[in-house]
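[1] Pasting the sequence and the predicted model now:
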Amino acid sequence: MQKQLIQWYQQNKRDFPWRKDQNPYHIWISEIMLQQTTTETVIPYYERFLENFPTIEALASASLEEVYKMWEGLGYYRRAKHLHESAQIIVEKYQGKFPYEYNDILSLKGIGEYTAGAISSIAYEKQVPAVDGNVLRIISRYYLLKENIAETKVQKKIYQIVQELILNQDASAFNQGMMDLGATICKPVHPLCSRCPIQKECLAFKNKQMDVLPINIKKIKKQEISYITGIITYQDKYLLIQNPPGGLLENLYGFVQYDVESPYSFVSSFQEKYHQDLIIQAHIKDIKHVFSHRTWFMHVYHFVLEHEIEGMYTLEEIEALPLSTAHLKVLKAYIKFM
């Protein structure tokens with residue numbers, strides 16, 4: 001995996017201004033800006049920010065208002081505040097030189113394990129993982145991990161896997177290769193597997209689970225319910241159920257959904273009730289629907305039946321049925337996906 005990924009990255013790496021050198025200050029600024037923000041949006045802000053604050057000392061000596069002005073339009077202003085405060089700490093504690101040790105970098109405000117790993121590996125070529133959402137997704141698919149990547153224990157497991165992968169490797173190229181692979185090839189939806197440099201060893205690809213994984217279901221608050229919602233099809237027909245009288249959405253039609261942890265658990269629940277096998281095809285979308293007194297988080301997956309069963313309708317027939325608003329969203333998402 002490592003050799004193919006690094007070779008692919010060196011041949012296909014994206015051209016960003018923060019990749020023109022290994023200056024830890026530049027990498028730090030870019031990584032903070034890229035949190036919650038697209039690369040296309042960040043580039044002009046990054047260039048303007050460094051024009052005004054070309055060094056850590058310049059950033060530290062500026063007023064917070066000046067820093068905010070350069071940040072204007074990027075949002076999440078706490079990021080800018082943390083940059084400013086950390087620059088002052090670096091000047092006071094490290095004589096204006098960006099810290100070299102991983103734990104010292106991690107101690108700065110606004111820096112977590114991913115950012116510390118990115119700076120350490122890219123600027124200082126240290127063999128430290130930089131595990132973000134892209135990496136969680138790639139590793140989940142590559143190793144066919146059917147565990148929920150939103151859980152801390154699973155994230156730690158993946159961190160350890162990456163730690164082993166980068167031993168005696170070019171950690172900078174590996175980490176940046178994972179970033180680029182996740183952003184351009186191993187996308188959350190419709191991954192471009194035919195162009196993937198590590199496709200041959202990818203277990204999700206071999207098992208046709210690349211549109212199912214990763215499992216990424218976050219825990220929710222009270223009065224909020226998480227469902228796996230199934231678009232269950234056989235040829236051109238869809239399985240619908242009618243809600244019973246007296247309850248929420250009484251007499252309205254909708255898709256089968258269970259309060260379970262993953263699409264694999266959904267299959268088990270469905271088999272127990274319907275005595276039919278299901279094939280998981282793809283993760284369609286996560287949809288939030290708010291009622292007056294509760295919120296549904298529907299993790300929508302497409303499943304396929306091996307035989308037609310009772311309660312299946314064509315799209316034309318569904319148009320004549322009273323479908324709940326929540327599940328109308330589900331149907332529209334599926335049609336758009338396909």
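    Thanks, I have the structure now. Numbers count the residues shown, from 1 in each chain.
[2] use CA for all of it now, contacts and neighbours both
    Will do.
[3] Can you check which strand is longest in this structure?
    Criterion DSSP state E: the longest strand present in the chain is strand 278-290.
[4] how about that strand: buried residues?
    278, 280-288 (16 or more other Cα atoms under 10 Å).
[5] now do stretch 30-47
    Buried-residue list, stretch 30-47, by 16+ other Cα under 10 Å: 30-34, 42-43, 45-47.
[6] and the residues you listed as JSON lines, adding secondary structure and pLDDT?
    Compiled in JSON lines, these are given as follows (DSSP: H, G, I helix; E, B strand; the rest coil; pLDDT from 0 to 100):
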{"residue": "30", "secondary structure": "helix", "pLDDT": "98"}
{"residue": "31", "secondary structure": "helix", "pLDDT": "98"}
{"residue": "32", "secondary structure": "helix", "pLDDT": "98"}
{"residue": "33", "secondary structure": "helix", "pLDDT": "97"}
{"residue": "34", "secondary structure": "coil", "pLDDT": "97"}
{"residue": "42", "secondary structure": "helix", "pLDDT": "97"}
{"residue": "43", "secondary structure": "helix", "pLDDT": "98"}
{"residue": "45", "secondary structure": "helix", "pLDDT": "96"}
{"residue": "46", "secondary structure": "helix", "pLDDT": "98"}
{"residue": "47", "secondary structure": "helix", "pLDDT": "98"}
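[7] now, among those residues, which is nearest to residue 255?
    residue 34 (37.6 Å; Cα to Cα).
[8] Name the nearest residue to that closest one, sequence neighbours excluded.
    residue 42 (6.5 Å; Cα to Cα, 6 or more residues apart in numbering).
[9] same question, residue 106
    residue 116 (5.4 Å).
[10] separation between the residue nearest to the spatial centre of the chain and residue 159?
    Centroid-nearest residue in the chain, with Cα atoms, centre = their mean: residue 133, separated by 4.1 Å. From residue 133 across to residue 159, the span is 12 Å (Cα to Cα, to the nearest Å).
[11] Likewise for residue 93?
    30 Å.
[12] Check residue 29 too.
    Taking Cα to Cα, one finds residue 29 at 24 Å from residue 159.
[13] and if you look at residue 276?
    If you go by Cα to Cα, the gap between residue 276 and residue 159 works out to 38 Å.
[14] what about these two, which has more around it?
    residue 159 (22 against 15; other Cα atoms under 10 Å).
[15] Surely residue 13 touches residue 179?
    No: here residue 13 lies out of contact with residue 179, judged by Cα atoms under 8 Å, at a distance of 9.8 Å.
[16] Who has more neighbours out of the two?
    Comparing residue 13 with residue 179 by other Cα under 10 Å, the one with more neighbours is residue 179, at 21 against 17.
[17] Mind checking what secondary structure the more buried one has?
    helix (DSSP: H, G, I helix; E, B strand; the rest coil).
[18] roughly how far apart are the closest residue to it other than its chain neighbours and residue 327?
    Leaving aside its sequence neighbours, residue 179 sits nearest to residue 134 (Cα to Cα, 6+ apart; 6.1 Å). Separation of residue 134 from residue 327 (Cα to Cα): 29 Å.
[19] repeat for residue 18
    Going from residue 18 to residue 327 by Cα to Cα gives 44 Å.
[20] for the protein, what spans make up the strands?
    224-234, 237-239, 241-242, 253-254, 256-258, 278-290, 295-305, 312-313.
[21] Of all those strands, which one comes closest to residue 211?
    If we rank those by Cα to Cα, the stretch that ends up nearest is strand 278-290, at 4.3 Å.
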